[in-house]
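> Build me a model:
(3 chains)
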Amino acid sequence: MFQCNPHKPKKEEAEHPVTTKKKSKEEIEAAKALKIKKREEEEQQRWRWWEEDKYEDGIKWKFLEHRGPFFPPEYQHLPDNVNFYYNGKVVKLGLAAEEVALFFAQMLDHEYTTKDVFRNNFFKDWRKEMTLEERVLISDLNKCDFRELHTMHKEKVEARKVLSKEEKLVMKEANQKIVEEYGFCILDHHRERIGNFKIEPPGLFRGRGEHPKQGMLKKRIQPEDVIINCAKKSCIPEPPAGHHWKEVRHDNTVTWLASWTENVQGSCKYVMLNPSSKLKGEKDWEKYEVARRLKSCVNGIRQQYQQDIKSKQMETRQRAVALYFIDKLALRAGNEKEEGETADTVGCCSLRVEHITLHDLLEDKDCVVEFDFLGKDCIRYYNKVPVTKRVFKNLKLFMKNKEPGDDLFDRLNTCLLNKHLSSLLPGLTAKVFRTFNASITLQEQLQQLSNMTDNPAEKLLSYNRANRAVAVLCNHQRVPPKTFDQSMANLQSKIDGRREQLALAKSELKLAKKEVKAHSSDGKLQAVVERKKKAVQRCEEQLMKMEVQATNREENKQIALGTSKLNYLDPRISVAWCKNMEVPLDKIYNKSQRDKFAWAVDMTGADFIF
DNA sequence: ATCGCAGACTCAGAAATGTAGCG
DNA sequence: CCGCTACATTTCTGAGTCTGCGA
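Alright, predicted model coming up:
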């Protein structure tokens, strides 16, 4: 005799005493009820800013109050028994040099520390932190032995993992206290979550790809480096004891609460609000509205750039071809970058001759352009695209008499392009094409792929496939997780196991049916048949679910769906689809995504069209 | 007037952390 | 029942886009 939990049909053996199971079941129910109640409360407290009037142009808030950013703890000297060695001898480093040495030691397992650029940059900056004595002594990184520091660090990480439940809870509560105090601000009478209220701790700069500055020391930020922005009439945040702010200003035309200049690239860093905030949400909404405006005039714009390709002006022709790429391939604008300051990556306007190859004929297609370049974050863009004859001819022209390293569009830059675009439609820039093409693709794909008659798993697979089409368009890639092949194999063996189980269940059902025939009108046997039938059905459902999961995972191997979902797809398309398909929203958006898109969830009906 | 550059903001994947489901 | 692991979510901060201002 056993109970079968409807949520876990797989567990069929009565391994546990019924009493404990019952209890935990009740507990689960109670927890669920609590969650629902909490969610409802949250919903009631939510600021429905999308129902309010907008501020006049440029004003971002009328009141802003916060506690200032949260600073990381000061560095503490290493314990006495942990030593750094130079040339085989113990060297006791001063506080500053030791801290930086530890940054390097912590990364010893990482590939970074084997790269020459990284090592040289690190060593140069490290020496700057040394005392004169240290600097005289330590002149060769290869003679430095950080292994004891490295081991200590690993042990610390390990120790944190094996803490008892109680200790972990204490830490969690301490963290929550910090979030409560520093993680929120008051903006126009509403409590809003801050995104990154923690000051970035010092460390070694890690760029993406072959970054010329990798390994440089990212210095500790002091309150003296930080500018605070808040309302004049608010309670001004208190700097840490013994310190003062660089400046306190009251600029309500910007959205940041604090800012500082980072020393490696000299760029500004900001403390800003969480994506669920009004300030971010309103901007997001506006972004999709501009993209929808583009939708209504994109045909005209397309016609125009097709015409412009024939223009007598070289500048116009280049602009037209670039726009053709941006529209068709969802390329980024491609601003110029300072050479030697960052990794060598490009976008549309900054493409060089070496990044494309022209094929009059390739794989049965005429006029094929082969793209191969590193884009944002050094993600490779590789694509073979058939283009119109006109575009093809122009590309040949643009490449004539140029070296591989020369700009493809030598008469064009993003400023020129965007000026042209904004003359076609106010607010139109190159990146709007990415948003527009991403969202329209999602809408079309959902329309094509999903059917009301599909089962829930199939509907979700279709949604993911539509999402995936967008991710492919936008070239959102990821490195397959290290465990990918293994986990795929695991899933497959699970599927195989389930298949066998299904076969078994089927034959048992047959047998049971025979029995019934033999001893007709035996009620008990009839019940057995019913039970076996259910078992078969359950098995089939489970199998189907797993197979869909396997398909989805395989197709997702190198594709990252998150970025497009979060930044390119008008959430109203997804909300409307859920309503039409009767799919619960939380199947496609997790908690923070629902928070971010609260405006869309609230205002969108099943009839929404992008 | 224009041009370059700082400033402000969005977008990006990796890494860290949390959690659920499994044996 | 409990620890472990795989997967999901969150955090982190670097890398883009684009605007507006001052020389």
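
> Output stretch A:146-166 as CSV, restricted to C-alpha atoms.
In CSV, the C-alpha atoms belonging to stretch A:146-166 read as follows (Å, rounded to 0.1, in the frame of the first residue of the first chain):
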residue,chain,number,x,y,z
PHE,A,146,52.3,32.5,-4.9
ARG,A,147,51.4,28.9,-4.2
GLU,A,148,50.8,29.2,-0.5
LEU,A,149,48.5,32.2,-1.0
HIS,A,150,46.7,30.3,-3.7
THR,A,151,46.2,27.3,-1.5
MET,A,152,45.0,29.4,1.4
HIS,A,153,42.4,31.0,-0.9
LYS,A,154,41.2,27.7,-2.2
GLU,A,155,40.8,26.5,1.4
LYS,A,156,38.9,29.5,2.3
VAL,A,157,36.4,28.9,-0.6
GLU,A,158,36.2,25.3,0.4
ALA,A,159,35.6,26.2,4.1
ARG,A,160,32.7,28.5,3.1
LYS,A,161,31.1,25.6,1.2
VAL,A,162,31.0,23.2,4.1
LEU,A,163,29.6,25.6,6.7
SER,A,164,26.7,24.3,8.7
LYS,A,165,23.1,25.2,7.9
GLU,A,166,23.0,27.5,10.8
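
> Just the residues contacting that stretch, thanks.
A:78-79, A:82-85, A:101-102, A:104-106, A:108-109, A:171 (Cβ atoms under 8 Å, 6 or more residues apart in numbering). Placement of C-beta: from N, CA and C, glycine included.

> again, but for stretch A:268-288
A:47, A:49-50, A:54, A:60-61, A:69, A:185, A:187-188, A:190, A:192-197, A:200, A:255-262, A:432, A:435, A:439, A:566, A:570, A:572, A:592, A:595-596, A:598-600, A:610.

> same for DNA strand C: which of these are within range?
A:Gly195, A:Asn196, A:Glu200, A:Glu262, A:Val432, A:Ser592 (Cβ under 7 Å from any atom of the strand).

> hang on, A:Gln304 is in a strand, isn't it?
No - read with DSSP: H, G, I helix; E, B strand; the rest coil, A:Gln304 is helix and lies in no strand.

> follow-up on the earlier one: mark which of the contacts of stretch A:268-288 are part of strands, please.
Counting by DSSP state E, the contacts of stretch A:268-288 place A:Cys185, A:Leu187, A:His190, A:Glu192, A:Arg193, A:Ala258, A:Ser259, A:Trp260, A:Thr261 in strands.

> Need the buried ones from the residues you listed selected in ChimeraX.
Of these, the buried ones go into a single ChimeraX selection, burial set by 16 or more other Cβ atoms under 10 Å:
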select /A:185,187,192,193,258,259,260
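
> now, among the ones in strands among the contacts of stretch A:268-288, which is nearest to DNA strand C?
A:Arg193 (8.7 Å; Cβ to the nearest atom of the strand).

> Please point out which parts of the one helix or strand A:Ser487 maps to sit buried.
Element membership for A:Ser487, per DSSP states H and E: helix A:484-518. Within helix A:484-518, the residues that count as buried by 16+ other Cβ under 10 Å are A:Leu491, A:Arg498, A:Gln501, A:Leu502, A:Ala505, A:Glu508, A:Leu509, A:Ala512, A:Lys513, A:Val516.

> now the residues you listed in JSON lines, with pLDDT and distance to DNA strand B?
Converted to JSON lines, the buried residues of helix A:484-518 look like this (pLDDT from 0 to 100; distance: Cβ to the nearest atom of the strand, whole Å):
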{"residue": "A:Leu491", "pLDDT": "69", "distance to DNA strand B": "11"}
{"residue": "A:Arg498", "pLDDT": "69", "distance to DNA strand B": "10"}
{"residue": "A:Gln501", "pLDDT": "72", "distance to DNA strand B": "12"}
{"residue": "A:Leu502", "pLDDT": "70", "distance to DNA strand B": "16"}
{"residue": "A:Ala505", "pLDDT": "73", "distance to DNA strand B": "17"}
{"residue": "A:Glu508", "pLDDT": "74", "distance to DNA strand B": "21"}
{"residue": "A:Leu509", "pLDDT": "73", "distance to DNA strand B": "23"}
{"residue": "A:Ala512", "pLDDT": "73", "distance to DNA strand B": "26"}
{"residue": "A:Lys513", "pLDDT": "73", "distance to DNA strand B": "29"}
{"residue": "A:Val516", "pLDDT": "70", "distance to DNA strand B": "32"}
